[in-house]
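Novice: the following block contains a protein sequence and its predicted model.
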Amino acid sequence: MDLASAHDFVLIYDNDVVCEFNPRHLLKQYYQMQLMRDLLNLMRFHFISLLSPNIDYVVDWELTWFTLNFKSSHDAFFTYEHASRHQTFKFKLFLDDLPTLEKLKQTRPDLYMDELTCRSCIDRMEDLMHLFMCKNRRPPMQRILQSYQKHLISKILEAGILADIDSTLFIAKLTSLSCWSFSSTNWSSYALVRGCLPKLFIDLFVDLSILRISAIKVIAAIHNNFVQKFRRRIWNLRSYEKCRWENAMNITYKLKTTLKPSNLPLSKYILYSSLPPPTLHDSRDSRTDWLKNSMKYAFAGWSVDFYSGRAIRYFISIVASTLVGIYQGGRSREI
């Protein structure tokens, strides 16, 4: 390289393409392209190829990666730990790595038998798609999507006012997207939930004279809010109902985290259908139990990159115990 630096040279790729900028950037882009190709070749991203006939939903990967790495601002109530946990959940959702029953059957067949179905509807297998396609979860899921759409429409209206442009046509394009309704053959809604966002989201704002980077930040913040609602209203409630069955089966947290198979006899299994239907009571005691169990079980089986899994489990157990202790102390003082 010392000898080459003293002479002019031209980097030519594929015999006829001349590299006119820093070759390090070219090589970096080339290897990133190879990694992206390997990622999309995974079966968990097979749905991207099914989006090809859908010309109104072309994934914008720049927007997608920015949104995945976008971090919510945290304050006294939404602390760094909450933000880190939210970030982990967002990537698990994108990678289809949430511990649904179908995933748990593969990783722990000694604890979760093949006959187990969705705790909410009882009659379907629980994979990621069924998590929001379930007939009992579809109404709240539809409300979350409507809120997503409403936030985007409000920002488009603001952009139209700033640009002095009638935004009616832009809103019509947004609402006509197929991703706002669920069906077993509609892969665009599945892509939206996974976090693979469409190019049209950006185009609408750019056509209204909004800078691309500003539009990306707005959409990332709106999608972050959507993921937070999905986690709170869908995933946490599902995890609470699953842990009720695990408690009935005596599948403890220690048993789930041990590497040694328990070989639990099938005759001891209690089917989901034998438990009471999923309900959440409004009493103060049940809310305390829901908070404790959600914190303890919502991320069971995950390998979270924040200190270590053991540290997180220890921290969550301390917080849950402290909250219950505070509540019980308050009740004793009232009595």
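Specialist: Looks like it arrived, so ask away. Numbering: from 1, shown residues only.
Novice: count of neighbours near the residue lying closest to Thr100 once chain neighbours are set aside?
Specialist: Distances taken as CB to CB, 6 or more residues apart in numbering place Glu126 nearest to Thr100, at 5.1 Å, with adjacent residues excluded. Just so you know, the C-beta spots here come from the backbone N, C-alpha and C atoms, and that holds for glycine as well. Counted with other CB atoms under 10 Å, residues neighbouring Glu126 total 23.
Novice: list the contacts for Glu126?
Specialist: Applying CB atoms under 8 Å, 6 or more residues apart in numbering to Glu126 gives the contacts Thr100, Leu101, Glu102, Leu116, Thr117, Cys118, Arg119, Cys134.
Novice: tell me where the chain has strands.
Specialist: 12-13, 17-18 (DSSP state E).
Novice: which stretch in these has the least confidence?
Specialist: With a mean of 54, strand 12-13 has the lowest mean pLDDT of these.
Novice: by mean pLDDT, flag the weakest helix or strand of the chain.
Specialist: helix 284-297 (a mean of 43; mean pLDDT, DSSP states H and E).
Novice: where does the stretch 201-335 of the chain dip in pLDDT?
Specialist: 260-335 (pLDDT under 70).
Novice: and if we set it to 80?
Specialist: Counting by pLDDT under 80, the stretch 201-335 of the chain has low-confidence residues at 258-335.
Novice: residues near Arg85, how many?
Specialist: As a measure of burial, Arg85 has 20 neighbours, counting by other CB under 10 Å.
Novice: now do Gln29
Specialist: Here the number of neighbours of Gln29 (other CB under 10 Å) works out to 10.
Novice: next one: Glu81
Specialist: 15.
Novice: look up how far Tyr253 lies from it.
Specialist: Computed as CB to CB, to the nearest Å, the Glu81 to Tyr253 distance reads 19 Å.
Novice: same check on Ala191?
Specialist: Using CB to CB, Ala191 is found at 34 Å from Tyr253.
Novice: low-confidence ranges, the stretch 51-200 of the chain, go.
Specialist: Scanning the stretch 51-200 of the chain with the threshold set as pLDDT under 80 gives 52-55, 72-81, 110, 184.
Novice: look up how far Tyr30 lies from the closest residue to His151 other than its chain neighbours.
Specialist: Excluding the flanking residues, the one nearest His151 by CB to CB, 6+ apart is Ile222, at 4.7 Å. Look at Ile222 and Tyr30: by CB to CB, they are 33 Å apart.
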